[in-house]
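Colleague: Here is my input, please return the structure:
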Amino acid sequence: MTDPQITTNYGTVISGGTFTGNNIGGQGAVFDASGQGEELRRRVEALLALIEAHAGELPEARHARRDLEEVLTEVEAVPETRDPARVGAALDRLSTRLAPVTALVTALGPIAELVQSLL
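Modeller: Here you go, the predicted structure:
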């Protein structure tokens, strides 16, 4: 038996868990507003590639990668377990760690906006 899945008229995909009216919940419930989760993953992967390309210019490239992966992991977690303060702190650290390369800070901006819309 497969998990139930609903796609709304606006492209929102809800799968797993229990659906009751406007609410979803339960173990395995996933809510992806108009593919934003996929878009976030794509942007994060692109920024990780840029960090790798500019690693020589970033004193804390390894930590920046870890912070970015932490943001993605936290946003992809079940909503009840997400920690917005942890995500905010990781984004703040990333901004500081990426500051030596303007293109990286520029790429982080849309990620931060997307993260805020998903939390």
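Colleague: going forward, measure contacts and count neighbours with C-alpha atoms only.
Modeller: Noted.
Colleague: tell me the contacts of residue 90?
Modeller: With contacts defined as C-alpha atoms under 8 Å, 6 or more residues apart in numbering, the neighbours of residue 90 are 67, 68, 70, 71.
Colleague: now swap in residue 98 and tell me
Modeller: Residues near residue 98 by C-alpha under 8 Å, 6+ apart: 58, 64, 104, 105.
Colleague: ok so, going back, could the contacts of residue 90 be laid out in a markdown table, adding neighbour count and secondary structure?
Modeller: As requested, the contacts of residue 90 are exported to a markdown table (neighbours: other C-alpha atoms under 10 Å; DSSP: H, G, I helix; E, B strand; the rest coil):
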| residue | neighbour count | secondary structure |
| --- | --- | --- |
| 67 | 20 | helix |
| 68 | 22 | helix |
| 70 | 16 | helix |
| 71 | 23 | helix |
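Colleague: Out of these, which comes closest to residue 53?
Modeller: Of all the contacts of residue 90, residue 68 has the smallest distance to residue 53: 15.3 Å, by C-alpha to C-alpha.
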